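Peer 1: Please find the sequence and the predicted model below.
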Amino acid sequence: MWPRSRRGTRNGRAPDTGSRVQGERKAGEEPMAGTRHYDVAASGRWWDEDDHRWLPAGEVHAWEPGRNETVCGLSLHRSGLSRFAAVAWTDVLPESGGAADAVRRVCPRCAAAAGRRGADARPAWRRVNPRP
């Protein structure tokens, strides 16, 4: 039989009960496995004089860093899309007003997959248990 101090623990260490609020991370911690971060790929670009950087223009798509395709399945190279790793998906949505000045069209398939409010937003509906 295990000594009392090691019972119910793994490798003899105390379990991490944590005093953090759910969703809050310490500095340097990786995001949860289920969360996704989407950047932007666009058909054009324009120079912003105020920020001194290139911003997306034309048709925009959601893009996961490390992949060579958009969320809707278009190849970045074959489609002639430019990557904007410094621009978050939520910044190019017209209702955000961020980097959406020259955006003409948001891909509807990417908007459906990534969410109109971004990956970090709560879904528009949720299952109520028990059902009414």
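Peer 2: Arrived safely.

Peer 1: Give the closest residue to Ser43 in space, chain neighbours not counted.
Peer 2: Among residues not flanking Ser43 along the chain, Gly58 sits closest, at 3.8 Å (Cβ to Cβ, 6 or more residues apart in numbering). For glycine as for every other residue, the C-beta is placed from the backbone atoms N, C-alpha and C.

Peer 1: what sits against that neighbour?
Peer 2: Going by Cβ atoms under 8 Å, 6 or more residues apart in numbering, Gly58 touches Ala42, Ser43, Gly44, Ala102, Val103, Arg104, Arg105.

Peer 1: what comes up buried for the host helix or strand of it?
Peer 2: Using DSSP states H and E, Gly58 sits within strand 53-63. Using 16 or more other Cβ atoms under 10 Å as the test for burial, strand 53-63 gives Trp54, Leu55, Pro56, Ala57, Glu59, Val60, His61, Ala62, Trp63.

Peer 1: what about this protein, any weak spots by pLDDT?
Peer 2: For the chain, the stretches with pLDDT under 70 are 1-35, 116-128, 131-132.
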